[in-house]
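Colleague: What would the 3D arrangement of this be:
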Amino acid sequence: MSEQLRIAAGQYSSAGRKAMNQDFHGLCTPEGPALASKGIAIAIADGIGSSEVSHVASETAVAGFLDDYYCTSEAWSVRRSAERVITATNAWLHTQTRQSPYREDADRGYVCTFSALVLKATTAHVFHVGDARIYRLRDGRLGQLTEDHRVAIGGGQSYLARALGVGERIDIDYRGHSIATGDVFVLLTDGVHEHVDDARIAEILAAHAEDPDAAAKQLAARAFEAGSEDNLTAQVVRVEAVPHSDPEDIAERLTRLPHPPELEARDTFEGYEIVRQLHVSSRSRIHLAREMETDRPVALKTPGSDLRDDPVLLERFLLEEWIARRLDSPHVLKPAGRRHRQAHVYVAMEYIEGTTLTQWMIDHPRLEMAAVRELVTQIGKGVLAFHRQEMIHQDLRPDNILIDATGTVKIIDFGAVEVAGISESAGRLGADEILGTEQYAAPEYFLGERGTVRSDLFSLAAITYNT
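Modeller: Next up, the predicted model:
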């Protein structure tokens, strides 16, 4: 098993010389699969002094982020998940101000700065709005990872140019940085970083290298001693271990299972009775099976010879069922569901009694435009279900589209699907080769570029043209 991401963290917050502490901070280190699929989240917010309710905004921003981020889809990238949550929080805060006595003066409303750090696999994802700061100390060198959103107006005066809750829309700075064991990340509100220079921050972190809590307290204490009249909040996060590969290992645990035997009609296998073979290729074998407990028909997909010695293709194969569980569309094949623990390498999907679009076009050589439009509309709805989850099918073609007896279209075969949330953790699941069928593949694949949602749309257009 690969090493899991581990950190040591310390946090400290004080009102300082102010009567009220309008800062808020928090950190969440989840257990189990969420640690790999979503990572560790750290957030800090600073209310503005002109508002009597900005402490509510700060608490809402941080608490909401740490709760809602982990409720987003596992298939979404960190960036999409975090930006969706921050955008929603901004809209809520802005609405609260519009409905309050401060609706004519946003600076007195539900407004705060916000900065967040999400550590996932080997990447630090930085999200930033306002003038708090995030630093990284590596090999004794301190680097600032955020830019202050302040505008100078002369005479040593400046104003905050960007904050949550000010407007209906928010522009969020995003950057991704590598993580290495021994890295120290520091989050500070302006009450601290305006009074403690970079050299002193690095010195304090070095002096308390084994005690992040002491480092956070000392940073705030130093700012107070230097005359800070603002609230004082500091978070210190030291990276103790970094995974060497995707720590979630979505399919790795399954690849250690034995491969199934050659299946024939009337064989029994893990609670299923094999009815007949549906399809065979070098990559997979598909059988119609009957779930013996419920008598339900199921399509069992077992790996072919090409996958047995190729761990990348085998992981892609096993991810198909995981992908299907995260899509909810009448136009996308569904997983069959399991009633027992899996003991062999295979995938169980719903069985569709129907025909491929390839055969359907042969059977209907002269289609009316209305029929083509209906088919393409259904395919498009299925494709949209992938894109909403930040997935790209990458192998849209008539052989991967089924039409059942009711005329309902189903997109099948997820072996080439790109999942943003997995790709950012496990580059090994990507492949340089063209995963789809060349006849329907978008031009960018032939140039060695990664696919986008437009790549699927190109394939859909090619299908429409040939239909």
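
Colleague: Now do the helices in the stretch 151-300 of the chain.
Modeller: Remark: helices assigned in the stretch 151-300 of the chain by DSSP state H, counting those that start in this stretch are 190-193, 198-207, 212-225, 252-255.

Colleague: where's the first one relative to the chain centroid, distance-wise?
Modeller: Here the centre of mass of C-alpha atoms in helix 190-193, compared against the chain's by C-alpha atoms, centre = their mean, to the nearest Å, lies 31 Å away.

Colleague: Just the CA trace of it, in PDB.
Modeller: The C-alpha atoms that make up helix 190-193 are tabulated as PDB, following Å, rounded to 0.1, in the frame of the first residue of the first chain:
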ATOM      1  CA  ASP A 190      -3.300  40.700   7.700                       C
ATOM      2  CA  GLY A 191      -3.200  41.500  11.400                       C
ATOM      3  CA  VAL A 192      -0.200  39.100  11.600                       C
ATOM      4  CA  HIS A 193       1.600  39.300   8.200                       C
END
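
Colleague: helices and strands around that helix, which ones?
Modeller: For helix 190-193, the packing partners by 3 or more C-beta pairs under 8 Å, 6 or more residues apart in numbering; DSSP states H and E come out as helix 212-225, strand 232-241. Where you see a C-beta, it was placed from the backbone N, CA and C, and this is true even at glycine.

Colleague: what sits up against it?
Modeller: Contacts with helix 190-193, where a contact means C-beta atoms under 8 Å, 6 or more residues apart in numbering, come from 16, 23, 46, 113, 131-133, 148, 201, 219-220, 223, 228-234.

Colleague: do the same with stretch 329-341
Modeller: With C-beta under 8 Å, 6+ apart, stretch 329-341 has contacts from 270-271, 291, 293, 296, 298-299, 321, 324-325, 327, 348-352, 378-379, 381-382, 384-386, 402, 408-412, 414.

Colleague: on that earlier part again, least reliable of the helices of the stretch 151-300 of the chain by average pLDDT, please.
Modeller: Per-stretch mean pLDDT for the helices of the stretch 151-300 of the chain is lowest at helix 252-255 (a mean of 52).

Colleague: Do I have it right that residue 159 meets residue 150?
Modeller: Yes - between residue 159 and residue 150 there is a contact at 6.8 Å, judged by C-beta atoms under 8 Å.

Colleague: any residues in contact with both of these two?
Modeller: With C-beta under 8 Å, 6+ apart as the test, residue 159 and residue 150 reach no residue in common.

Colleague: out of the two, which sits in the busier spot?
Modeller: residue 150 (14 against 10; other C-beta atoms under 10 Å).

Colleague: which residues does that one bridge with?
Modeller: Taking DSSP bridges as the rule, residue 150 bridges to residue 160.

Colleague: check contacts around it.
Modeller: Per C-beta under 8 Å, 6+ apart, neighbours of residue 150: 131, 158, 159, 160, 161.

Colleague: Nearest to residue 450 among the residues you listed?
Modeller: Residue 450 lies nearest to residue 161 out of those, by C-beta to C-beta, at 33.9 Å.

Colleague: Any idea how many residues pack against that closest one?
Modeller: Neighbour tally, residue 161, other C-beta under 10 Å: 13.

Colleague: State the distance from it to residue 55.
Modeller: With distances taken as C-beta to C-beta, to the nearest Å, residue 161 is found 21 Å from residue 55.

Colleague: show me what contacts the closest residue in space to residue 401 that isn't next to it in sequence?
Modeller: Spatial nearest neighbour of residue 401, excluding adjacent residues (C-beta to C-beta, 6 or more residues apart in numbering): residue 357 at 4.1 Å. Residue 357 makes contact with 375, 398, 399, 401, 402, 403, 409, 463, 467 under the criterion C-beta under 8 Å, 6+ apart.

Colleague: quick one: the strands in the stretch 351-467 of the chain?
Modeller: Using DSSP state E, counting those that start in this stretch, the strands of the stretch 351-467 of the chain run over 354-356, 391-392, 401-404, 409-411, 418-419.

Colleague: Look up how far residue 332 lies from the closest residue in space to residue 77 that isn't next to it in sequence.
Modeller: Counting by C-beta to C-beta, 6+ apart, residue 420 is the residue found nearest to residue 77 once chain neighbours are left out, at 3.9 Å. Distance from residue 420 to residue 332, counting by C-beta to C-beta: 17 Å.

Colleague: List the buried residues of the host helix or strand of residue 322.
Modeller: Element membership for residue 322 (DSSP states H and E) is helix 311-325. Neighbour-count burial for helix 311-325, with 16 or more other C-beta atoms under 10 Å as criterion, is recorded at 313, 314, 315, 316, 317, 318, 319, 320, 321, 322, 323, 324.

Colleague: Now the element after it, going C-ward?
Modeller: Using DSSP H and E, the helix or strand that follows helix 311-325 towards the C-terminus is strand 347-350.

Colleague: quick one: contacts of that next one?
Modeller: 272, 298-302, 317-318, 320-321, 324, 333-338, 412.

Colleague: if you set the cut-off to 10 Å instead, what comes out?
Modeller: Strand 347-350 is touched from outside by 254, 270-272, 284, 286, 289, 291, 296-303, 317-322, 324, 333-338, 342, 410, 412-415, with contacts defined as C-beta atoms under 10 Å, 6 or more residues apart in numbering.

Colleague: roughly how far is that strand from the heart of the chain?
Modeller: The chain centre lies 25 Å from the centre of strand 347-350; the measure is C-alpha atoms, centre = their mean.

Colleague: Please work out the average pLDDT along it.
Modeller: Average pLDDT, strand 347-350: 92.

Colleague: now stretch 453-467
Modeller: Stretch 453-467 carries an average pLDDT of 93.

Colleague: Just list the residues touching the residue nearest to residue 77, thanks.
Modeller: Shown in contact with residue 420 (C-beta under 10 Å, 6+ apart): 73, 75, 76, 77, 78, 79, 80, 81, 389, 390, 391, 392.

Colleague: Would you mind checking which of the residues you listed is nearest to residue 166?
Modeller: Looking across these and measuring by C-beta to C-beta, the closest to residue 166 is residue 79, at 22.1 Å.

Colleague: For that closest one, identify the helix or strand it belongs to.
Modeller: Residue 79 is part of helix 78-98 when elements are defined by DSSP H and E.

Colleague: next SSE after that helix?
Modeller: Next along the chain after helix 78-98, taking DSSP H and E as the criterion, comes strand 112-120.

Colleague: Following element in sequence after that next one, please.
Modeller: Next along from strand 112-120, by DSSP H and E: strand 123-129.

Colleague: Can you check what angle separates that next one from helix 78-98?
Modeller: Here the directions of strand 123-129 and helix 78-98 differ by 20 degrees (axes from the mean of the first three to the mean of the last three C-alpha atoms, to 10 degrees).

Colleague: How is this protein divided into domains?
Modeller: The chain breaks down into these domains under automatic domain parsing: 6-241, 250-351, 354-467.

Colleague: Would you mind finding the most buried of the ones you listed?
Modeller: Across the domains of the chain, the average number of neighbours (mean count of other C-beta atoms under 10 Å) peaks for domain 6-241, which reaches a mean of 19.
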